[in-house]
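[1] Any chance you could fold what I've pasted below:
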Amino acid sequence: MALLGAVVAVVATTGVTAARTSDAPTTTAPRWEPAGHDMRSGISGLAVVSRSGSTYRTLIARDNKLPGENRIARLTYRPGGSGRATVVQPLDWRGDAEPIDLEALEAVPGTSDEYLAVASRGLVYHLEVTGDGNAAEVRDLSPLPAIGQGDNFESLTLVSRHGKLVAVWADRGEGDGRAATLYAAPLSFNEYGESVFGAVTKAVYRAPYPTGDVRHVSDLSVTDSGRLLIASASDEGDDGPFDSAVSDAGSVSLDRSGQVRLTVAKSPKVLRKFKDHKVEALDCVSGSGVAVLGTDDENSGGGVTTARICD
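    Modelled structure (predicted):
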């Protein structure tokens with residue numbers, strides 16, 4: 001791909017802000033910054049690497065499928081400045097065949113340069129960013145546990161509690177005919193960097209919004225207090241129309257013995273709506289109450305914004 005190895009500055013665009021009341025979620029984000037303007041530049045997963053003031057440094061996944069197309073990139077996001085750029089730096093992919101349809105990305109807690117990425121059919125890539133910062137190298141490749149018939153994965157989050165990790169992911173579901181299935185399991189890594197999953201807990205989830213041709217779980221994240229936030233999105237084709245929302249969907253906890261508890265709310269609460277965008281990436285920034293969100297708007301490219309929904 002022509003962008004590999006280059007740093008790309010993308011000019012900002014503005015959006016419309018809807019008034020927020022105590023009774024209704026905001027329907028659009030205050031501002032979206034583009035990460036590109038074509039099919040190959042959508043954001044299918046996002047992990048916040050660091051935050052300095054209003055600047056967020058992230059790693060993003062792209063669901064490209066052809067050889068040589070970018071799969072992983074650095075994205076620096078500076079919200080709030082008129083005309084300021086979002087900077088995207090594609091990384092090389094090393095150590096294994098390029099994935100097809102990479103859909104989720106999460107930083108490994110307690111590390112500075114390790115990540116887990118998930119492809120739609122359930123392959124988990126344990127990645128390490130190289131010392132020069134120019135590539136993502138595969139340390140291990142393994143399947144998710146307990147994959148169900150027809151599962152299609154777009155989400156992953158990792159939670160650290162009491163020195164232990166829990167992984168949460170989901171089959172996205174599809175419209176009225178297929179609810180999403182949430183999965184949660186203890187996670188550890190052996191001396192070779194291989195992912196080791198414990199006993200799997202499952203739950204069913206249906207998004208309160210959007211309706212119709214909806215992916216019930218397009219990504220998820222867990223707040224510092226253990227609230228489970230779920231992004232859902234509708235997609236009627238490569239040119240849209242798109243619609244998305246993030247909902248307060250339940251909770252995730254991990255006790256000192258390593259036992260996982262996954263709870264789904266009976267009536268999930270819509271926190272924020274994002275009209276005309278397909279949110280596929282959601283990451284709560286610890287200690288801030290802020291989420292960074294990314295979109296894969298197909299032929300229109302991808303965008304990034306923040307929302308204070310993780311308190």
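
[2] tell me the average confidence for the host helix or strand of residue 56?
    In the assignment (DSSP states H and E), residue 56 maps to strand 55-61. Here the mean pLDDT over strand 55-61 is 97, rounded to a whole number.

[3] can you give me how far that strand is from the chain middle?
    Averaging C-alpha coordinates over strand 55-61 and over its chain gives two centres that are 11 Å apart (C-alpha atoms, centre = their mean, to the nearest Å).

[4] what do you get for stretch 137-148?
    Once both centres are worked out by C-alpha atoms, centre = their mean, stretch 137-148 turns out to sit 17 Å from its chain's centre.

[5] before we move on, back to that, from the contact counts, what lies against the strand holding residue 56?
    For strand 55-61, the elements it packs on are strand 45-52, strand 72-77, strand 102-107, strand 279-285, strand 290-296, strand 302-307, judged by 3 or more C-beta pairs under 8 Å, 6 or more residues apart in numbering; DSSP states H and E. Yep, even glycine has a C-beta here, placed from its N, CA and C like the rest.

[6] In a markdown table: those strands, plus distance to residue 91.
    A markdown table is the format used below for the helices and strands packed on strand 55-61 (distance: least, C-beta to C-beta, whole Å):
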| stretch | distance to residue 91 |
| --- | --- |
| strand 45-52 | 12 |
| strand 72-77 | 5 |
| strand 102-107 | 12 |
| strand 279-285 | 16 |
| strand 290-296 | 16 |
| strand 302-307 | 16 |
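
[7] Which elements pack onto the strand or helix carrying residue 167?
    Taking DSSP H and E as the criterion, residue 167 maps to strand 164-171. For strand 164-171, the elements it packs on are strand 153-161, strand 180-189, strand 214-222, strand 242-254, judged by 3+ C-beta pairs under 8 Å, 6+ apart.

[8] Show me what counts as buried in that strand.
    Burial within strand 164-171, assessed by neighbour count using 16 or more other C-beta atoms under 10 Å, is assigned to 164, 165, 166, 167, 168, 169, 170, 171.

[9] Number of residues surrounding residue 262?
    Burial measure for residue 262: 19 neighbouring residues, criterion other C-beta atoms under 10 Å.

[10] where does the residue of the chain most remote from its centre land in three-state SS?
    The outermost residue of the chain relative to its centre, with distances by C-alpha atoms, centre = their mean, is residue 257 at 28.0 Å. Three-state assignment for residue 257 (DSSP: H, G, I helix; E, B strand; the rest coil): coil.

[11] Read off the pLDDT value for the most centrally placed residue in the chain.
    By C-alpha atoms, centre = their mean, the mean C-alpha position of the chain lies nearest to residue 281, the distance being 3.0 Å. Among the per-residue scores, residue 281 holds a pLDDT of 99.

[12] Please list all residues in contact with it.
    Residues counted as contacts of residue 281 (C-beta atoms under 8 Å, 6 or more residues apart in numbering) are 43-46, 60-61, 105, 219, 231, 292-296.

[13] Name only those of those residues that count as buried.
    Members of those that pass the buried threshold by neighbour count (16+ other C-beta under 10 Å) are listed as 43-46, 60-61, 105, 219, 231, 292-296.

[14] between the residues you listed, which is nearest residue 179?
    Within the buried ones among the contacts of residue 281, proximity to residue 179 (C-beta to C-beta) peaks at residue 231, which comes in at 15.7 Å.

[15] The nearest residue to residue 298 once chain neighbours are set aside is in what secondary structure piece?
    Distances taken as C-beta to C-beta, 6 or more residues apart in numbering put residue 238 closest to residue 298, at 4.1 Å, once the chain neighbours are dropped. Per DSSP H and E, residue 238 falls between elements, in no helix or strand.
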